[in-house]
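Peer 1: Here is a sequence together with a model predicted from it:
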Amino acid sequence: MNKVVQNAIEAIRGIESQMTLMLGGFGLCGIPENCIAALAATDITGLTCISNNAGIDGFGLGMLLRRHQIEKMISSYVGENKEFERQLLSRELEVELIPQGTLAERIRAGGAGIPAFYVPAGYGTEVAEGKPVRQFGDKMYLEEQWLKADFSIVKAWKGDTNGNLIYRYVANNFNHAMAMAGKITIAEVEELVPVGALEPNHIHTPGVFVQRIFQGQNYEKRIEFATTRD
Amino acid sequence: MNKVVQNAIEAIRGIESQMTLMLGGFGLCGIPENCIAALAATDITGLTCISNNAGIDGFGLGMLLRRHQIEKMISSYVGENKEFERQLLSRELEVELIPQGTLAERIRAGGAGIPAFYVPAGYGTEVAEGKPVRQFGDKMYLEEQWLKADFSIVKAWKGDTNGNLIYRYVANNFNHAMAMAGKITIAEVEELVPVGALEPNHIHTPGVFVQRIFQGQNYEKRIEFATTRD
Amino acid sequence: MALDKNGIAKRIAQELRDGYYVNLGIGIPTLVANYVPPGMQIILQSENGLLGIGPFPAKNEIDPDLINAGKQTITALPGAAFFDSSMSFAMIRGGHIDLTVLGAFEVSETGDIASWKIPGKLVKGMGGAMDLVASARNIIVAMMHTNPQGESKLLKKCTLPLTGVGVVKKIVSDLAVLDVTPQGFKLLERAPGVSVEDILNATEGNLIIEGDIPEMLI
Amino acid sequence: MALDKNGIAKRIAQELRDGYYVNLGIGIPTLVANYVPPGMQIILQSENGLLGIGPFPAKNEIDPDLINAGKQTITALPGAAFFDSSMSFAMIRGGHIDLTVLGAFEVSETGDIASWKIPGKLVKGMGGAMDLVASARNIIVAMMHTNPQGESKLLKKCTLPLTGVGVVKKIVSDLAVLDVTPQGFKLLERAPGVSVEDILNATEGNLIIEGDIPEMLI
């Protein structure tokens, strides 16, 4: 078994135009910086990207947007990005907005083999359009279906060569569920360690979900809104 | 906020006859020994117990069975218990058998506010009787509904006074999902520590799910099948 | 005198109870954290994966892996827990959060809320708002009673795309505290110096006024 | 000569590939772990919450918090991961386990399997068997070809309550290796010294015999 690849270029091998990708992160927190940069250096286009947000101008998924590599975004919130707005208004880009919790659960369901389930979020709103509605108890619910991806690209803090992952603080966010839902899951980590170096009781994402892993480089970890009490 | 109670007797206050309880553990591993013993010292009867297994004669849920406190078991596997068999054959006890993964997911769904979902397990078997069947892709699925409990009783390794829990090895099993699904969740822990003593990145069950917590005593941690390579 | 943003936050803080798990939305709701009564323990949830939000960090404490749902840098209190997004919304959807406070463009007398989309303006997305309003056991909306043009935002029927239907339980505006009841907005308290008539004039939806309406104690 | 239990396990071990995640059921399947080819890394899942089952413990290593799905004490290998039951079956249901090996009372020529309940005998429950057979990408059944009375357990139709419908892909019995195909049991290999006729006689379901059937290499 060898899941270890040398770098992002090797990791993204097999990703092709028109594929569906999941990319972890919330805002710029916990995004797979190395793989995004590697994708931005390819000619791959027509991507459907499932990601809670769409990066900012020139960083994160903004790097792929700038190069018109994304055809469709599936997200819960897409502010903070002028190029995104421009492409949206000019209809170069399609956007599907999904309530954040429904998005997270649809991704988990994709990984957990659950094709459909019911949630209350969005009932009676435009999100409900075209979705079966059902009452349980005295409450109304929408039927939602799983989401899967050709490739999931996630970022973790530490990982071992078996693919076990540990995230740091809120940099987990969508990474864990997305790792479960990729046909092939690529994990980039700040620190790649040998098996035995991680405490098995502390693993967030078991290695069974990860097919490729590498130690990333030069993480910028940009901050969108530095807010201090000083 | 004070979730800390002194002992199992205080912890189980409010549990009444005819209630539905969830009890963590797989076999005798990770069972809430203190609370089970405390329940066995009460006159509470007619309980519906959701637990993967039913203990052994005289230990674990076997203690409640012996005193005829359980009316119905909802489990995936109930071997290893003669008194259980006797009560089942004499129809003193009702048993509902559920595939283990479906049981775990129904419990998680109860905690996660998902009233129903689809799984392939049990399609075409007697488990499917009375359940809606649906095709997704080329595969058939059963509709399964959430499970909830009046009280969930779980056992963890370490816990803090905010109710955050960490399990040890496979003693987690059903405890985590059950902690999510109780109207009131009681956690007994081997070691109760002040807030700040647990690394927030290592928490398995966030404290929001736990209403009462105490440090248990005299854990026996019996082993069903001691198997060695010697 | 109508309340300012901090006044609204202060009044909402009176709804807190010891041990509550609370999710505070962006804007006025965030300010509620500044007015937690002394001695009371409130645990704040951030839907991007944290229970136990602490104060904003000192400059030298800033950590890019520690942000809130508004993407601001934050700290975590002792006894905090981190988790992934599916777990975070399991908490929310499962009804484990005691109180959600969020802003709104409009609320209807039947408890509908519009808070995420204005036709003609660029749509940024609903984030977690639809999940929060559909699932919270208890929702308080923090809002201005009228828009800058003086038009009521407490309506018979929302005009903007909805975030949720029949979900709002209570409103704290710059003018009043109101319950949303099956009969409409029930006036509970007036802002200091604001008259019942002022509130009536500022409320398009059905306003229920029973007996003397006390002034808020702030 | 028909294979014994270890022989069946040895033959099944030939189906393993480097890097496979494998769930081994109780009984003969457990023995497969003893025959993993040297140099090949197989990660064994225990559905009670472990990836990376190691050998049984030495006497002084026994830990009550470390058992397998058969409730036997075990060890965990370096690089193991622990998790809860809902995550464990998310793995199984989501198709992340490469191979499941389990026993059976009966298998039908259409891939149905009966393995958990015998009417008239006390029912202990299906445990995780229904989840495993309904979800695994690849299922091998390890079984005796006939019961002690010599009656075939590879049937046209199962007579016992089912565990799953149309799920079995391959069978390794004491007499043969067979694929389950849309046309029925396709004979692939004979146990050493066992004739095609022996297998034909022991198989009630439709047996497809094409060309020369080689002996197993064990």
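Peer 2: Nice, I can see it.

Peer 1: quick one: the helices in the chain?
Peer 2: In the absence of a named chain, chain A is used. Along chain A, the segments classed as helices by DSSP state H run A:8-11, A:33-40, A:62-66, A:82-89, A:100-112, A:175-181.

Peer 1: try again with chain C
Peer 2: Counting by DSSP H, the helices of chain C are C:5-13, C:28-31, C:85-93, C:129-135, C:196-201.

Peer 1: on that earlier part again, so can I have JSON lines of the helices of chain A showing mean pLDDT and mean neighbour count?
Peer 2: All C-beta spots, glycine's among them, are computed from the backbone N, C-alpha and C. Converted to JSON lines, these look like this (pLDDT from 0 to 100; neighbours: other Cβ atoms under 10 Å in any protein chain shown):
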{"stretch": "helix A:8-11", "mean pLDDT": "98", "mean neighbour count": "19"}
{"stretch": "helix A:33-40", "mean pLDDT": "98", "mean neighbour count": "23"}
{"stretch": "helix A:62-66", "mean pLDDT": "96", "mean neighbour count": "22"}
{"stretch": "helix A:82-89", "mean pLDDT": "89", "mean neighbour count": "17"}
{"stretch": "helix A:100-112", "mean pLDDT": "98", "mean neighbour count": "29"}
{"stretch": "helix A:175-181", "mean pLDDT": "98", "mean neighbour count": "30"}
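
Peer 1: do you know which of the ones you listed lies nearest chain C?
Peer 2: Chain C lies closest, by Cβ to the nearest Cβ, to one member of the helices of chain A: helix A:100-112, at 3.0 Å.

Peer 1: which residue lies farthest from the center of chain C?
Peer 2: C:Asn60 (31.1 Å; Cα atoms, centre = their mean).

Peer 1: who does the helix or strand of chain C with the lowest mean pLDDT touch, helix- and strand-wise?
Peer 2: When each helix and strand of chain C is scored by mean pLDDT, DSSP states H and E, helix C:28-31 comes last, with a mean of 94. Contacts defined by 3 or more Cβ pairs under 8 Å, 6 or more residues apart in numbering or on different chains; DSSP states H and E place helix C:28-31 against helix C:5-13, strand C:139-143.

Peer 1: repeat that with 7 Å
Peer 2: Counting contacts by 3 or more Cβ pairs under 7 Å, 6 or more residues apart in numbering or on different chains; DSSP states H and E, helix C:28-31 packs against helix C:5-13.

Peer 1: what inclination does the helix it packs on have with respect to strand C:139-143?
Peer 2: On the basis of axes from the mean of the first three to the mean of the last three Cα atoms, to 10 degrees, helix C:5-13 is oriented at 160 degrees to strand C:139-143.

Peer 1: Enumerate the positions of helix C:5-13 that are buried.
Peer 2: Within helix C:5-13, the residues scored as buried using 16 or more other Cβ atoms under 10 Å in any protein chain shown are C:7-13.

Peer 1: so how far is the least confident helix or strand of chain C off the chain centroid?
Peer 2: Centre-to-centre, helix C:28-31 and its host chain are 8 Å apart (Cα atoms, centre = their mean, to the nearest Å).

Peer 1: can you check stretch A:167-180 too?
Peer 2: For stretch A:167-180 - counting by Cα atoms, centre = their mean - the centre lies 9 Å from the chain centre.

Peer 1: any idea how far A:Ala38 is from A:Ala8?
Peer 2: Plainly put, A:Ala38 is 4 Å away from A:Ala8 if you go by Cβ to Cβ, to the nearest Å.

Peer 1: Actually, A:Tyr77.
Peer 2: In this view, A:Tyr77 and A:Ala8 are 26 Å apart by Cβ to Cβ.

Peer 1: Ok, A:Ile186 next?
Peer 2: A:Ile186 is 8 Å from A:Ala8, where distance means Cβ to Cβ.

Peer 1: Can you add distance to A:Phe84 and give the helices of chain C back as TSV?
Peer 2: TSV is the format used below for the helices of chain C (distance: least, Cβ to Cβ, whole Å):
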stretch	distance to A:Phe84
helix C:5-13	30
helix C:28-31	25
helix C:85-93	21
helix C:129-135	20
helix C:196-201	41
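
Peer 1: For chain C, which residues are neighbours of chain B?
Peer 2: C:18-19, C:21, C:41, C:51, C:76, C:78-83, C:90-91, C:93-96, C:135 (Cβ under 7 Å from any Cβ of the partner chain).

Peer 1: Just the buried residues of these.
Peer 2: Here, 16+ other Cβ under 10 Å leaves C:21, C:51, C:76, C:79-83, C:90-91, C:93-94, C:96, C:135 buried among the residues of chain C next to chain B.

Peer 1: Would you confirm that A:Met22 contacts A:Ser152?
Peer 2: Yes - counting by Cβ atoms under 7 Å, A:Met22 does reach A:Ser152; the two are 4.2 Å apart.

Peer 1: Overlap of the contact sets of the two?
Peer 2: By Cβ atoms under 7 Å, 6 or more residues apart in numbering or on different chains, A:Met22 and A:Ser152 have these common neighbours: A:178, A:181-182.

Peer 1: Among the residues you listed, which one lies nearest to chain D?
Peer 2: The closest of these to chain D turns out to be A:Ala181 (Cβ to the nearest Cβ; 8.1 Å).

Peer 1: Can I get stretch A:59-76 in PDB? Just the C-alpha atoms.
Peer 2: Output in PDB follows, covering the C-alpha atoms of stretch A:59-76 (Å, rounded to 0.1, in the frame of the first residue of the first chain):
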ATOM      1  CA  PHE A  59      -6.600  33.200  -3.700                       C
ATOM      2  CA  GLY A  60      -8.200  30.000  -2.900                       C
ATOM      3  CA  LEU A  61     -10.800  29.000  -5.500                       C
ATOM      4  CA  GLY A  62     -10.400  32.600  -6.800                       C
ATOM      5  CA  MET A  63      -7.300  31.300  -8.500                       C
ATOM      6  CA  LEU A  64      -9.400  28.900 -10.600                       C
ATOM      7  CA  LEU A  65     -12.100  31.400 -11.200                       C
ATOM      8  CA  ARG A  66      -9.700  33.900 -12.600                       C
ATOM      9  CA  ARG A  67      -8.600  31.400 -15.100                       C
ATOM     10  CA  HIS A  68     -12.200  30.400 -16.000                       C
ATOM     11  CA  GLN A  69     -11.600  26.800 -14.900                       C
ATOM     12  CA  ILE A  70     -14.900  26.600 -13.000                       C
ATOM     13  CA  GLU A  71     -18.200  26.100 -14.800                       C
ATOM     14  CA  LYS A  72     -20.400  25.600 -11.700                       C
ATOM     15  CA  MET A  73     -20.000  26.300  -8.000                       C
ATOM     16  CA  ILE A  74     -22.100  24.500  -5.400                       C
ATOM     17  CA  SER A  75     -21.800  26.500  -2.200                       C
ATOM     18  CA  SER A  76     -23.600  28.000   0.700                       C
END
